[in-house]
Structures are given as structure tokens and as C-alpha cells.
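Asker: Sequence and predicted structure, then a few things I'm wondering about:
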Amino acid sequence: MSILSKAWLQAWITHPNLVFKANFHKGKMKIVEKIMERYRERKTPIDRFEFWMFSSESRSREVFKLIDKWIDTALHNGIKDLVYRDTSSLSLLYPPPIFTILEVKSLTKLVLTRCDLMRLSLPSGVVKCDSLRELSK
């Protein structure tokens with residue numbers, strides 16, 4: 001690996017905007033996991049975390065646990081914008097950890113497309129998201 005490659009890799013890894021758009025399968029999930037692991041270990045700030053789900057093959061509770069883990073990393077690293085988009089038309093929807101997400105004080109934008117929020121009820125006074133300025137689906 002050349003010096004230029006190492007410098008580029010370091011700059012890319014510390015970029016505060018993470019956008020993952022792909023048909024995810026186990027190989028690509030490992031790449032995302034490795035990137036998020038570096039952010040988790042180094043506590044590198046993340047301004048924006050965007051995750052697009054295109055593939056119907058990767059729809060499983062196991063994958064949802066990984067997505068939860070990646071979102072948790074972003075939440076602990078000062079995230080401002082969190083976007084989850086699902087472009088498939090399958091019945092199994094991602095159930096985001098909404099209570100955990102809404103507790104984060106730095107969050108200003110939340111976009112959740114095709115997520116399972118139907119089983120939730122938010123009691124008044126439980127969630128305080130003072131910084132949240134944009135909420136959409």
C-alpha cells in the first residue's frame with residue numbers, strides 16, 4: 001500500500017458523514033461492520049449516518065441487530081442526522097430502537113422510511129429531543 005493510499009484511507013475513515021447505499025449481503029455487511037468498528041473504537045465524531053436498504057435477501061433479524069449496533073455507534077459519536085431508507089416492498093420492516101434514538105441530544109434530523117413503528121406508544125414526557133428540528137418518513 002502506498003503512502004497516498006494510507007493518507008486517503010485515514011481521511012476517508014475520519015469523514016463525519018457516512019452513507020451506505022447497496023444491496024447488502026454478508027460480504028458487504030462485513031465492510032460496513034469494519035468501518036463502524038473503527039468509529040466505535042476511536043470515538044470518531046459522526047455528523048450524518050445514512051443507511052439505504054435495497055436488498056430483499058438481507059432482510060432478517062440478524063441484519064437488523066447489526067443495523068441497531070451501527071446506529072448505536074452513530075448515536076454515541078454525536079450524530080446530528082440519522083437517515084434510514086428502505087426501498088424494498090417486503091413485509092418484514094426494520095424496527096428501529098426509537099426510544100434510544102430519541103434520547104440523543106445532538107440529533108437534529110431523523111428520517112425513517114418503511115420502518116416498523118406501529119407497536120410503539122410514546123407516553124408524554126418520556127422522550128425529550130430538544131434538538132430535533134426535522135422528522136420525516
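Answerer: Great, that's in hand. Numbers count the residues shown, from 1 in each chain.
Asker: Would you map the helices across this structure?
Answerer: For the chain, applying DSSP state H gives helices covering 3-13, 26-42, 61-76, 98-102.
Asker: looking at the ones you listed, which is closest to residue 92?
Answerer: helix 61-76 (8.5 Å; Cβ to Cβ). Glycine gets a C-beta too; all of them are placed from N, C-alpha and C.
Asker: Can you tell me which helices and strands the closest one packs against?
Answerer: Applying 3 or more Cβ pairs under 8 Å, 6 or more residues apart in numbering; DSSP states H and E, we find helix 61-76 packed against helix 26-42, strand 48-53, strand 81-86, helix 98-102.
Asker: Repeat the analysis, applying 10 Å as the threshold.
Answerer: With contacts taken as 3 or more Cβ pairs under 10 Å, 6 or more residues apart in numbering; DSSP states H and E, helix 61-76 sits against strand 17-22, helix 26-42, strand 48-53, strand 81-86, helix 98-102.
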